[in-house]
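Visitor: sequence isn't available, so here's the structure alone:
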């Protein structure tokens, strides 16, 4: 998700519809679409953030103590949220 700009509106509608139908976990990662997926998810959950359990992951090269915090902070910005649930 987030890789093809022509599919953005369809992907946003799909995520929102999933939440309407009971989807409560959204799994993302900075590596999905090199961050583009997180931008899309952030837009999709705007206004409904509290309805989902949000998961994200860091690139393996960002998993060390020196980089993980910055990596997570960037994910939070892309996801337009103040927290990850996992």
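Guide: Received, thanks. Because the structure is a prediction, the values reported are computed rather than measured.
Visitor: in this protein, which ranges drop under the pLDDT threshold?
Guide: For the chain, applying pLDDT under 70 flags no range at all.
Visitor: would you map the helices across it?
Guide: Taking DSSP state H, the helices of the chain run over residues 8-20, 36-44, 68-79.
Visitor: of the ones you listed, which is nearest residue 51?
Guide: If you check each of these against residue 51 by CB to CB, helix 8-20 wins as the nearest, at 5.6 Å. Quick note: C-beta positions are derived from backbone N, CA and C, even for glycine.
Visitor: can you tell me what sits against the closest one?
Guide: The contact list for helix 8-20 (CB atoms under 8 Å, 6 or more residues apart in numbering) reads 1, 2, 23, 26, 40, 41, 43, 44, 45, 48, 51, 52.
Visitor: can you do 6 Å?
Guide: The contact list for helix 8-20, computed with CB atoms under 6 Å, 6 or more residues apart in numbering, reads 1, 40, 44, 48, 51.
Visitor: buried ones in that helix?
Guide: Applying a neighbour-count criterion of 16 or more other CB atoms under 10 Å, one finds 8, 11, 12, 15, 16 buried in helix 8-20.
Visitor: separation between the first one and residue 78?
Guide: What that stands for is residue 8. To residue 78, residue 8 is 14 Å away according to CB to CB, to the nearest Å.
Visitor: what does residue 42 give?
Guide: Counting by CB to CB, the gap between residue 42 and residue 78 amounts to 6 Å.
Visitor: do the same with residue 40
Guide: Noted for residue 40: a distance of 9 Å to residue 78, by CB to CB.
Visitor: grab the most central residue of the protein for me.
Guide: Residue closest to the average C-alpha location in the chain (CA atoms, centre = their mean): residue 38, at 3.4 Å.
Visitor: nearest spatial neighbour of that one, chain-adjacent residues omitted?
Guide: residue 78 (3.7 Å; CB to CB, 6 or more residues apart in numbering).
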